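In: Curious how this folds, go ahead:
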Amino acid sequence: MKMDIGNWNKQRQRRKAQRRRAARERIARYGRDILRSENFRATRENIQHGTVSVHRHSISVAQCSLEIAEKLEALGIRSRERDMVRGALLHDYFLYDWHKHKSSRWWKMHGFCHPGVALHNADQEYELTDRQKDIIRKHMWPLTVTPPRCREAWIVTAADKYCSLLETLRLRNERRRGRRERRGRDDMEGMHSAACGEK
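Out: Predicted coordinates:
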């Protein structure tokens, strides 16, 4: 039996788009109040890695976390999606441009101290569960020394490392980047529309 590669690729892309859409809907459902908040929207102004904003990075980490959780669930390993998504959205909620806050003391450098700042800021604005706090506090492990306690924190930590690597090294070529950024803008507009109850 001969397989039509073009048709197979189209089906694969369609399934990928459906998974992305489903992830966007879950992020909007679990993180509606976060996505609507003025402070979270302000993270669009701060660059995280390369040319990617903290806002885009946090949403990417949430999407990647959901993908990892799906793979684990297929193996019978379940996780709490709501806590995971909310923790992922708030994991870098430090609300400043870290490129302008340089310190000569290693323990005061951004990589070491921003989880605590993000947790403090998130805790001021939202009612966080212990799992969400663990995600935010420990997502920089091993820099944070104490490893994550819960499965969701491990998933977000892995997703954060993966997304950060892609953003920092710019592994995408220019053509793919343009396509993804356009798709990313559409995803974000769709997510904000869903979060705000717009059609």
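In: Which residues are in contact with the residue nearest in space to the middle of the chain?
Out: Against the mean C-alpha coordinate of the chain, by Cα atoms, centre = their mean, the closest residue is residue 61 at 2.0 Å. Shown in contact with residue 61 (Cβ atoms under 8 Å, 6 or more residues apart in numbering): 88, 91, 156, 159, 160, 163. Heads up, the C-betas are built off the backbone N, CA and C, glycines and all.
In: Tell me the buried residues within these.
Out: Buried members of the contacts of residue 61, scored by 16 or more other Cβ atoms under 10 Å, are 88, 91, 156, 159, 160, 163.
In: Which pLDDT value does the model give the closest residue to the second one other than its chain neighbours?
Out: Leaving aside its sequence neighbours, residue 91 sits nearest to residue 139 (Cβ to Cβ, 6 or more residues apart in numbering; 4.5 Å). We have a pLDDT of 71 for residue 139.
In: cool, and the one 4 residues further on?
Out: The per-residue pLDDT reported for residue 143 equals 67.
In: ditto for residue 163
Out: At residue 163, the pLDDT recorded in the model is 87.
In: I'd say it and residue 57 touch.
Out: Yes - in terms of Cβ atoms under 8 Å, residue 163 counts as a neighbour of residue 57; the distance is 6.3 Å.
In: circling back: out of the contacts of residue 61, which comes closest to residue 43?
Out: Ranked by distance to residue 43 (Cβ to Cβ), those are led by residue 91 at 11.4 Å.
In: tell me the contacts of residue 169?
Out: With Cβ under 8 Å, 6+ apart, residue 169 has no contacts at all.
In: before we move on, the earlier item: in CSV: the buried ones among the contacts of residue 61, plus distance to residue 65 and secondary structure.
Out: Shown next, in CSV, are the buried ones among the contacts of residue 61 (distance: Cβ to Cβ, whole Å; DSSP: H, G, I helix; E, B strand; the rest coil):
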residue, distance to residue 65, secondary structure
88, 5, helix
91, 10, coil
156, 5, helix
159, 4, helix
160, 8, helix
163, 9, helix
